[in-house]
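Colleague: coords please:
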Amino acid sequence: MSAHGKRYRELMEKAPEAEQSLPEAIAFVRKNATARFDETAEIGLRMGVDPRKSDMAIRATVSLPHGTGKDVCVVVFATGPAAEAAKEAGANFVGFEDLIEKVSGGWTDFDVAIATPEAMKEVRKLGRVLGPRGLMPNPKTGTVTDDTAAAVQQSKAGRVEFRMDRHGNISVPFGKASFSAEQLVENAQAVLSAVLAEKPAAAKGTYIKKCTVSTTMGVGVPVALKE
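Modeller: Residues are numbered from 1 along each chain as shown. Model (predicted):
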């Protein structure tokens, strides 16, 4: 494993160790996002539920008030009117058998996959390709629907999916370092509200154990969850 560079080590030295309020933490990571590209802001959560239990699964979507700052590439598996509606809504790739064949060959150069319920009968066969990348359409996240136009528009406008991994962590991008501090705070608050809304009924004790915010090339700053 390579050692961190000089810039990262300098950031580590001045980064606050104590928990900060959400606005304070975002102000720090935004000020110190000095890479030569527009870094992505991310919020990381350590959950207090057992990821091995099926009734503790956490997976949903959230619409960020100010979008992600990213040009989202959307593919739609559909035929007929649903396919035409997806094209008119701005989907990047729309198809069925041809698109399935392309993806089965390993192509996953997209951010969101949407499918109609009818198309899912065949799309499920792409589990080995889409599953590990978190791209499999799912009714719970609104990506399995007959209203393909609405799903495409929401994805393009800044709807992002989040899910707890097998280690009990959730990581969600919530904007770009070039966003204003207010925009990033509002986006982050939307993410936290969405995660809280997905608290499993059987969850006991502390639901969110730890929260940090960071940028692509930056360090994580701990956030006080009491607020």
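
Colleague: what ranges do the strands span in this structure?
Modeller: Under the criterion DSSP state E, the chain contains strands at 40-47, 59-63, 74-77, 93-95, 112-115, 159-163, 169-176, 208-215, 221-222.

Colleague: how about the ones you listed in TSV, adding mean neighbour count?
Modeller: Quick note: C-beta positions are derived from backbone N, CA and C, even for glycine. Shown next, in TSV, are those (neighbours: other C-beta atoms under 10 Å):
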stretch	mean neighbour count
strand 40-47	21
strand 59-63	17
strand 74-77	27
strand 93-95	21
strand 112-115	27
strand 159-163	20
strand 169-176	21
strand 208-215	20
strand 221-222	21
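
Colleague: which other residues reach the top helix by length along the chain?
Modeller: In the chain, taking DSSP state H as the definition, the longest helix is helix 181-197. With C-beta atoms under 8 Å, 6 or more residues apart in numbering as the test, helix 181-197 has contacts from 22-23, 26-27, 30, 41, 43, 45, 58, 60-66, 162, 170, 172, 174-175, 179, 207-208, 211, 213.

Colleague: ok, now with 7 Å
Modeller: By C-beta atoms under 7 Å, 6 or more residues apart in numbering, the residues outside helix 181-197 that reach it are 22-23, 26-27, 30, 41, 43, 45, 60, 62, 64-66, 162, 170, 172, 174-175, 213.
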